[in-house]
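Asker: can you look at this prediction? I've put the sequence above it.
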Amino acid sequence: MIISQLGYYSLIFGLLTSIFIFFDSSIQLKKNNSVISDKTTGLIGFQFFFVFISFISLIYSFIISDFSNETVYNNSHTTKPLFYKITGTWGNHEGSLLLWLLVLTGVLLGFIFKSKNEPTNYRLLTTLLHQIIVIGFFVFVLKTSNPFNEIFPVQTEGLGLNPILQDPALGIHPPILYLGYVGTSIIFSAALASMVSNYVNKNWAKNIKFWILFSWIFLSGGILLGSIWAYYELGWGGFWFWDPVENVSLMPWLSLTALLHCIVTLEKRELLKKWTIVLCIITFALSMVGTFLVRSGILNSVHTFANDPSRGIYILTFLLVLVLLSFVIFIIFENKNFTQKSEIFILSKETAVLINNWFILYFLSVVLIGTIYPIFLDVILDEQISVGPPFYNKLILPFLIPFVLFMSIGPSMKWIKTNFRIGVKSFLVIISTLILSFITVYYIGEKNIFVLLLFIGFFYLLLKSLSQFKDKTKNFAQIFSHTGFSLLLISILLNSFLSKEIIKNVQVGESFFLKNEKIIFKKIAIEKENNYESIIGFFEILDEKNKTINLQPEIRIYNEPEMATSEASIKTSLFKDRFITINLIKDQNFFNVRYQHKPFMIWVWISTLIIMLGGLFAIFRKNKEVNI
Amino acid sequence: MQFLEKTKKSIFSLFILVLLILSFFVFKFALEKEKIYSPKITDEQIFTDFEVKDLIEGKKINFNKVLFGKNFYLINIWSSWCEPCKDESDKLLEIKKDTSIMMIGINYKDKNKNALNFLKLYGDPFDQIFIDKQGTISINFGAYGVPETFLINDKNKVLKKYIGPLNDEDVFEIKKITNN
C-alpha cells in the first residue's frame, strides 16, 4: 500500500521534473551555452529515475499481490507463479503505459550520454522536443491510466491474468517490443532538432544511425517473440495472421527498415536529406498510431483491454499535435536545410536505396490501408468488413519478386557510379538459382509460373548474398541481414506450400494416419497445478522409418479467471515441426485432435534472428567500408 | 517558375494538412461510435424492430417477423469462444426436447465457421440462429454478455432473463412457465 503510494508520488515528481527540464532547456538554448550543464543531464537522469522507481513499485505491488491497487486487483492473483506476477505488470493497459514512459525517458538519457560530441544546441533542442512527448505521456498516464488507483475495501483476491498471456515468450515480448517501438521517439526528436539547428549532415547521420539500429533490432525481436507465442499458444499453427495489432508493429518496422537504408546514403553522400527526415517523422507517427489503435480499444483483439474512449481521444489529439508540430517545423526549416542538390546516377547505390525505399513504402501503404480502411468504412458508410490474408497476399506477393531482385543487385552497386560487368561468378549464381528453383518447384509439385518466379527471386537473393560473403570490400552486416531475409522468405513460402494437417475425433487407443505417419492416442492423464488443472493426452507418432516420437498436448483449465486453453505439443526438427493440439468434446469419450506438419518452422525463427544479428553487427562494425 | 514551384508546394502541404485533420475526425467518430448503441429495452417489451441475418441461410429478415405464431420464445445469446456456452448447450437441448418453445440463437461476435463447428460439436438446439457480429443486437436486448437467455411471450414481453449459463433450476422454471 505504501509502496503503491510511493509509485504514485514518484510519477508526480517525474512530471514536475520533466516540466522543469522543458523550461530549463529552453532557457539554456537562449543563452547559447557551449556545453550542456551537468544540472540538465542530472535532471534527465532524475526524470528516468522517478519513472523507474514508479515502475519498480508497481512490480513490487504485483509480487506481493497488493489488492488495494486496482491494477493489481484487475490483473493478478495470488496463485499465479512469480514469473507471471512480474510479467503481469505490463500485461495490462496501465502497466504497459508505465513501461512506455520508462522507455521514453530512458532513451533520452541514453541519447544525452551518447551524443556528447555533437553540437550543444542540437542536443538541447532534442531534449526540448522530446520533453513535449514525455510530458504528454506523463499527463496521459496520470490522468487517464493511473496504475496506482486504490480500491476500497481492499480485496482479498484478484481477478487474475488472462491465461493465454501466461507464457514465457509473451512475458518478455512487451519490454523488447517497446524498446524498439518507443525507441523511435528519440529518432523523431533528434530529426526535428537537427532540422532546426541546421545539422542534417554526415555527422548527424552517423550518430543517429545507432538509434535507428537500436530500435530496429528490438522491434524485430519483439515481433519475433510475438509470432513465436502465436505459433504455439493460439493453437492454430500459424505465426502471422495479418491481425491489425500485428500490422501495427510491422508498419514502424517497415519504415525503420527504409530509414536504415536511407540514413547510410545520407552518411556517405549527404543525399536524400529531406526524405530521411520525413521517414523519421513517419516512423514515430506510426508508433503513435499503433499505440492509439491498440490502447483505445478501436480494434478487437487480445491486446485491447478496457474500452475507455477518453483514453483514445487523448492519444489521438496528442498524436495530431505532434504530427502538426513536426509538419510546421518541416515547412519552416525546409529551405534552410535542403538547398544543395547533387546528381544521382542511375547505376549507383543511391538509386538502389531509392528503389528499396519506394518498394518498402508501397508495402507499408498496403498494410496501413488494410489496417485502417475497415475503421474508415465503418464510420463513413456504416459497413463492416474485415481485411484478411488474401488482400495482403495479392497486393504484396507479386511485388516481392522485383523487390528481391533489386535487393540482390543493390549491394553490388557502388556509391556515385557503377560500371557493370557480368563475370563468371554472377553467371554461376544465376545458373544455380534456376536449377535450385526448378528442383524446389518440382519437389513441392506446384505447376504455377508465379510460384516459380517467387522461388527464383528468393533463391537469387540467397545465393547472391552468400556469394558476397568472402568479399572483404562489402558490408558484412548488410550481407548477413539480406541472407537472413532471403531465408525467411524461402522458409515462409515452403512452409505455406508443404504444411499438412488432419483433424479427427478419436478415443484413447485409436490411431490414424497423416501421409506415412501413424498417430496413436495412448492414454490421458490429469494433473493439478497451482493455478490450473491440465488434461494431458499422450500420443505416439510412428514416422516412415518406424521411429517413435512422443507428443503430449494439454488442455489447461485455469482457475482464475476460469478459462480453458489448449497447449500445443510441438516436436521441432531441422526440416519440419510436428504440431498437435487436442480439444474436449462435451460429455463424450472422444477428443478432437488436430495434427499438423509444419515444415521449416525453425528456419522462420532462425532467419529472423539472422536478420537481427546483421543489425547488431552494423552497430559494432568499425567504419572501414572501402566501398566509396 | 519559382512562383509555380511555390504554389505546388503549398497545395501539397494543404492537402496533407486536410488529410491529417480528416483522419483525426474519422478516428474520433470511430471512438465515439460504440457509445451510440444503448439498450432500447423497456421493462415491458423487448425491442424488435431491426434487421437480422440468418447464420445458416444468410437471409436478412426483420426480427419482428421472426417472433410470430408461437406462444413462447427463448432467445439465447451465445458464442463459440464462450466456455460456459459449451456447458449450457445440454440445458438448451433439454428445453428444446421437452417444450414447444421457439428457440432463437443470437451468435455473438463470432466467426460463422467457428459457430457452425460449435453446433456440430455440442449440438444445435435452435430453430433459428442470427448473426450478431458487432454485438449490437445483444445490446438492443439489454444483454450484459454471453451467455444470456431471455424468455419472452407472444406480446414480446420479457418474462424471465437469465444472465450467465442456465442451470437445472432455470430449466425447470422455464419448463414450468411454458408448459402451463
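Answerer: Done, it's in. Numbering: from 1, shown residues only, chains lettered A, B, ... in the order given.
Asker: list the buried residues of the helix or strand of chain B with the lowest mean pLDDT.
Answerer: Least confident helix or strand of chain B, by mean pLDDT, DSSP states H and E, is helix B:136-141 with a mean of 76. Neighbour-count burial for helix B:136-141 flags B:137-141 (criterion: 16 or more other Cβ atoms under 10 Å in any protein chain shown). C-beta: built from backbone N, CA, C; applies to glycine.
Asker: can I get those residues in JSON lines including distance to residue A:82?
Answerer: Shown next, in JSON lines, are these (distance: Cβ to Cβ, whole Å):
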{"residue": "B:137", "distance to residue A:82": "44"}
{"residue": "B:138", "distance to residue A:82": "39"}
{"residue": "B:139", "distance to residue A:82": "40"}
{"residue": "B:140", "distance to residue A:82": "45"}
{"residue": "B:141", "distance to residue A:82": "43"}
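Asker: and the longest helix along chain B, what other elements does it pack with?
Answerer: Counting by DSSP state H, the longest helix found in chain B is helix B:2-33. If you count contacts as 3 or more Cβ pairs under 8 Å, 6 or more residues apart in numbering or on different chains; DSSP states H and E, helix B:2-33 packs onto helix A:309-337, helix A:349-381.
Asker: report the distance from the very next helix or strand once past the last one to the chain centre.
Answerer: Think helix A:349-381. Once the chain leaves helix A:349-381, the next helix or strand it forms, by DSSP states H and E, is helix A:389-409. Computed by Cα atoms, centre = their mean, to the nearest Å, the chain-centroid distance of helix A:389-409 equals 20 Å.
Asker: burial count for residue A:529?
Answerer: Around residue A:529 there are 12 other residues, counting by other Cβ atoms under 10 Å in any protein chain shown.
Asker: in chain A, which spans are strands?
Answerer: Taking DSSP state E, the strands of chain A run over residues A:500-506, A:511-514, A:517-528, A:532-542, A:548-551, A:554-558, A:563-567, A:569-572, A:576-584, A:591-599.
Asker: likewise for chain B?
Answerer: B:51-54, B:60-62, B:72-78, B:102-108, B:128-132, B:148-153, B:158-163.
Asker: how about the CA coordinates for the fourth one, as PDB?
Answerer: The reference is to strand B:102-108. Output in PDB follows, covering the C-alpha atoms of strand B:102-108 (Å, rounded to 0.1, in the frame of the first residue of the first chain):
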ATOM      1  CA  MET B 102     -39.300 -21.500 -30.300                       C
ATOM      2  CA  MET B 103     -35.600 -21.400 -29.800                       C
ATOM      3  CA  ILE B 104     -33.700 -18.400 -31.200                       C
ATOM      4  CA  GLY B 105     -30.000 -18.200 -31.000                       C
ATOM      5  CA  ILE B 106     -28.100 -15.000 -31.300                       C
ATOM      6  CA  ASN B 107     -24.500 -15.700 -32.300                       C
ATOM      7  CA  TYR B 108     -22.500 -13.000 -30.600                       C
END
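Asker: give me the mean pLDDT for it.
Answerer: Mean pLDDT, strand B:102-108: 90.
Asker: quick revisit: least reliable of the strands of chain A going by mean pLDDT?
Answerer: strand A:563-567 has the lowest average pLDDT among those, namely a mean of 79.
Asker: which outside residues touch stretch A:311-326?
Answerer: A:93, A:132-133, A:136, A:140, A:143-145, A:188, A:192, A:281, A:284-285, A:288-289, A:291-292, A:295-298, B:17, B:20-21, B:24, B:27-28, B:31 (Cβ atoms under 8 Å, 6 or more residues apart in numbering or on different chains).
Asker: show me which residues of that stretch are buried.
Answerer: Neighbour-count burial for stretch A:311-326, counted by 16+ other Cβ under 10 Å, picks out A:311-316, A:318-320, A:322-323, A:326.
Asker: give me the average confidence score over it.
Answerer: For stretch A:311-326, the per-residue pLDDT averages 91.
Asker: skipping adjacent residues, who's closest to whatever residue of the stretch 1-150 of chain A ends up closest to chain B in space?
Answerer: Relative to chain B, the nearest point of the stretch 1-150 of chain A is residue A:144 (12.9 Å; Cβ to the nearest Cβ). Closest residue to residue A:144 apart from its sequence neighbours, by Cβ to Cβ, 6 or more residues apart in numbering or on different chains: residue A:311 at 4.7 Å.
Asker: and of the buried residues of stretch A:311-326, the nearest to residue B:133?
Answerer: Nearest to residue B:133 out of the buried residues of stretch A:311-326 is residue A:312 (Cβ to Cβ; 21.4 Å).
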